[in-house]
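Peer 1: let's see this in three dimensions:
(one chain, ligands or ions: 1)
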Amino acid sequence: MRVSEVGGVSVPVDHLIGGKWVGSAETFESRSPLDWDAEPLALVARGDQATADAAVLAAQEGFSVWSAWTAAQRSEVMHKLADLIEEHNEDIAIVESLDMGFMYESMKERLVARGATNFRLYADLIVAHEERRWDAKNMHNVVQYMPAGPAVVITPWNAPFMLSTWKLAPALAAGNSVIHKPAEWSPLTAALLAELTLEAGFPPGAYNLVQGIGEEVGAALVANPGVRRITFTGSPATARHIGKAAAENIVPFTAELGGKGPLIVFADSDLEKAAHRAAWQFDDSGQVCLAGTRLLVEESVKDEFMEIFNRHADALVLGDSREDSTDLGPLVHPDHRANVHGFVERAAAAGDKIIRGGHPVEGSLHYEPTLIEPASNDSEVVQSEIFGPVLTIQTFADEAEAIALANSTEYGLSAMIWTGSKDRAERVGRALRTGLVWVNTFLVRDLTAPFGGVGISGIGREGGEHALEFHSDLKTLMVLDDSVT
Ligand code: NAD
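Peer 2: This is a model prediction of the structure:
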């Protein structure tokens, strides 16, 4: 097994296939956004068609063993994996911080723990899961959840560790073997997770990791007819490719895609809290699918809102993601920063007003927290996901206009409403075309609730039982009453 030392942590840089570390002739570089011009953090195996085929074969063999384990046996190994994630919290946090630029403190305090929780939740759900049994039409009916087969799990570069555990845990709990293909811009914590599955005691082939480029090994994996489920988080553009491959093989597919969430502030809200939360939509330098990037503020309170927003935005400290004093780290990659800046330049050229920020920071991959007042609701910066620290601000006169603006993009992942009125919260919340709506709060969510998007924000629902159902083939067994003893 080849390893690289990353922040004092030994990270495997090969694929894990059938319980063994396997290399590739080609590699790709993983560089740190904290110091882009330094030596690469690692040269990671660059999988190809043969790697994908070998991984699917191993996953088919792994499936025959893992799917035959009882729910209690699977649960025990998944709890063990959660224990190991907690034990390796600091290692995972430092590697992700270097690999993706994620805030170290936030990883350590929140996201690694959440990764462990994702495995615990499904370890508990699978043993608590009861088959539905009922009598009707002179029949005794039973619904069986059959494990579906090998599942390909494709994940994005933002919050890679946590997002991967969220998708891997339900697939494994349901009895499917998995092939995880993490993003090439932040591949390293997936390797730490794969290593921990060996220690936790997953049987060979139940858990496979394939590294490489999306258009190469990712495309080969999703096109393989041996795959029985595909679950993807990433951009709508990639989802369109994967959806075609899934259709070709008639394989169920879920897609958690981009967002362009509205953050709606009514005059009757606690403005201090609303504007503070709005300024913190720059968190993680805007590389958050759920972020409320379109600020929609009731006209009558705009000036007061802006005063509070500016106070909090002015206080944000850009710096090294490993330092406690830093609020915002760099963007993940120079190409991504160029994309983000392209949106801002086109906005300025089209007549949108850049009212704060608008520039890359010299000498690092940071981007200034940017606020834009668009010339119209059709502006590109209002309608397209930017995935950087760029927010827009628009005003509305009444509730109807707020709802119309909120629902005016092709996206529909999440929304935030800030109001002091319980009736308005429910009324406006129900009128929004999104998968999630938070009122006077953000991000906190019961993990058994459905999660997913509307429109080009996604297909299918994850979370709790919803993901278990996706990863299972449901069978109805019907026995004629009094025909058996
Ligand atoms: P991306 O679509 O470029 O890549 C995602 C993954 O797909 C990567 O692992 C990549 O290697 C792989 N891939 C690329 N082309 C492929 C192909 N042809 N076949 C198979 N796999 C392929 O997305 P990204 O830039 O890594 O992530 C950012 C996007 O993800 C944003 O749009 C963001 O909003 C979205 N996202 C959504 C959620 C959610 O839960 N809804 C969460 C996080 C990120």
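Peer 1: the residue most central in space within the chain: helix or strand, and which one exactly?
Peer 2: For the chain, the residue nearest the mean C-alpha position is Leu163 (4.2 Å; Cα atoms, centre = their mean). Element membership for Leu163, per DSSP states H and E: helix 160-173.
Peer 1: how about the contacts made by Arg433?
Peer 2: 407, 412, 454-455 (Cβ atoms under 8 Å, 6 or more residues apart in numbering). Backbone N, C-alpha and C define where each C-beta goes, glycine included.
Peer 1: closest to Asp473 out of those residues?
Peer 2: Among these, Val454 lies closest to Asp473 (Cβ to Cβ), at 26.1 Å.
Peer 1: now that closest one. Nearest residue, chain neighbours left out?
Peer 2: Residue nearest to Val454 in three dimensions, not counting chain neighbours: Gly412, with 3.1 Å by Cβ to Cβ, 6 or more residues apart in numbering.
Peer 1: now the one you found: which helix or strand?
Peer 2: Using DSSP H and E, Gly412 sits within no helix or strand.
Peer 1: closest one of the contacts of Arg433 to Ala148?
Peer 2: Nearest to Ala148 among the contacts of Arg433: Val454, at 25.1 Å, using Cβ to Cβ.
Peer 1: I'd assumed Thr434 was in contact with that closest one.
Peer 2: Yes - using Cβ atoms under 8 Å, Val454 makes contact with Thr434 at a distance of 5.8 Å.
Peer 1: on that earlier part again, just name the closest of the contacts of Arg433 to Thr293, please.
Peer 2: Among the contacts of Arg433, Gly412 lies closest to Thr293 (Cβ to Cβ), at 13.5 Å.
Peer 1: need the contact list for the residue nearest to Val454.
Peer 2: Counting by Cβ under 8 Å, 6+ apart, Gly412 makes contact with 433-435, 453-457.
Peer 1: try it again with 10 Å
Peer 2: 257, 259-261, 406, 432-436, 452-458 (Cβ atoms under 10 Å, 6 or more residues apart in numbering).
Peer 1: then Phe28?
Peer 2: Counting by Cβ under 10 Å, 6+ apart, Phe28 touches 40, 42-47, 184-185, 187, 211-213, 216.
Peer 1: highest neighbour count among those residues?
Peer 2: Among the contacts of Phe28, Gln211 has the most neighbours (other Cβ atoms under 10 Å), with 31 neighbours.
Peer 1: tell me which element that residue falls in.
Peer 2: Of the helices and strands defined by DSSP H and E, none includes Gln211.
Peer 1: from Leu84, how far out is it?
Peer 2: 21 Å (Cβ to Cβ, to the nearest Å).
Peer 1: list the buried residues in the helix holding Leu163.
Peer 2: Neighbour-count burial for helix 160-173 flags 160-173 (criterion: 16 or more other Cβ atoms under 10 Å).
Peer 1: what does stretch 396-403 give?
Peer 2: Within stretch 396-403, the residues scored as buried using 16+ other Cβ under 10 Å are 396, 399, 402-403.
Peer 1: need the contact partners of it.
Peer 2: 262, 264-266, 296-300, 302, 394-395, 404-406, 417, 419, 421, 424, 427-428, 430-433.
Peer 1: surely Asn224 is in contact with Lys181?
Peer 2: No - between Asn224 and Lys181 no contact is recorded; they are 11.7 Å apart, counting by Cβ atoms under 10 Å.
Peer 1: please enumerate the shared neighbours of those two.
Peer 2: Here Asn224 and Lys181 have 52, 55, 152 as joint contacts, going by Cβ under 10 Å, 6+ apart.
Peer 1: quick one: low-confidence parts of this protein?
Peer 2: Scanning the chain for pLDDT under 70 picks out no residues.
Peer 1: from Val152, how far out is the residue in the stretch 151-300 of the chain positioned nearest to the ligand?
Peer 2: Closest to the ligand within the stretch 151-300 of the chain is Gly214: 2.2 Å, counting by Cβ to the nearest ligand atom. Distance of Gly214 to Val152, given as Cβ to Cβ: 12 Å.
Peer 1: which residues of the stretch 201-350 of the chain lie near the ligand?
Peer 2: With Cβ under 6 Å from any ligand atom as the criterion, the stretch 201-350 of the chain meets the ligand at residues 214-215, 218-219, 222, 233-235, 238, 241-242, 256-259, 289.
Peer 1: determine which two of these are furthest apart.
Peer 2: For these, with distances taken as Cβ to Cβ, the pair at the greatest spread is Ala219 and Gly259 (24.5 Å).
Peer 1: those two: who's more crowded?
Peer 2: Gly259 (27 against 17).
Peer 1: circling back to that earlier point, so how do I select the buried members of the residues of the stretch 201-350 of the chain next to the ligand in ChimeraX?
Peer 2: Per 16+ other Cβ under 10 Å, the buried members of these correspond to this ChimeraX selection:
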select :214,218,219,222,233,234,235,238,241,242,256,257,258,259,289
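Peer 1: show me where the stretch 301-450 of the chain has strands.
Peer 2: Assigned by DSSP state E, counting those that start in this stretch, the stretch 301-450 of the chain shows strands spanning 353-356, 370-373, 390-396, 414-418, 436-439.
Peer 1: most tightly surrounded among the ones you listed?
Peer 2: strand 414-418 (a mean of 28; mean count of other Cβ atoms under 10 Å).
Peer 1: need the CA coordinates for it. PDB is fine.
Peer 2: Coordinates of each C-alpha in strand 414-418 appear next as PDB, following Å, rounded to 0.1, in the frame of the first residue of the first chain:
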ATOM      1  CA  SER A 414     -33.400  24.900   0.700                       C
ATOM      2  CA  ALA A 415     -34.800  28.200   2.000                       C
ATOM      3  CA  MET A 416     -34.700  30.200   5.200                       C
ATOM      4  CA  ILE A 417     -37.400  32.400   6.500                       C
ATOM      5  CA  TRP A 418     -36.900  35.000   9.200                       C
END
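Peer 1: does anything pack onto it? Which helices or strands?
Peer 2: Strand 414-418 sits against strand 261-265, helix 271-279, strand 292-298, helix 399-406, helix 422-431, strand 436-439, with contacts defined as 3 or more Cβ pairs under 10 Å, 6 or more residues apart in numbering; DSSP states H and E.
Peer 1: repeat the analysis, applying 7 Å as the threshold.
Peer 2: Using 3 or more Cβ pairs under 7 Å, 6 or more residues apart in numbering; DSSP states H and E, the elements in contact with strand 414-418 are strand 261-265, helix 422-431, strand 436-439.
Peer 1: show me what the first one is packed up against.
Peer 2: Right, strand 261-265. If contacts are counted by 3+ Cβ pairs under 7 Å, 6+ apart, strand 261-265 sits against strand 292-298, helix 399-406, strand 414-418.
Peer 1: again, only using 10 Å
Peer 2: Taking 3+ Cβ pairs under 10 Å, 6+ apart as contact, the helices and strands that strand 261-265 lies on are helix 271-279, strand 292-298, helix 302-314, strand 390-396, helix 399-406, strand 414-418, helix 422-431, strand 436-439.
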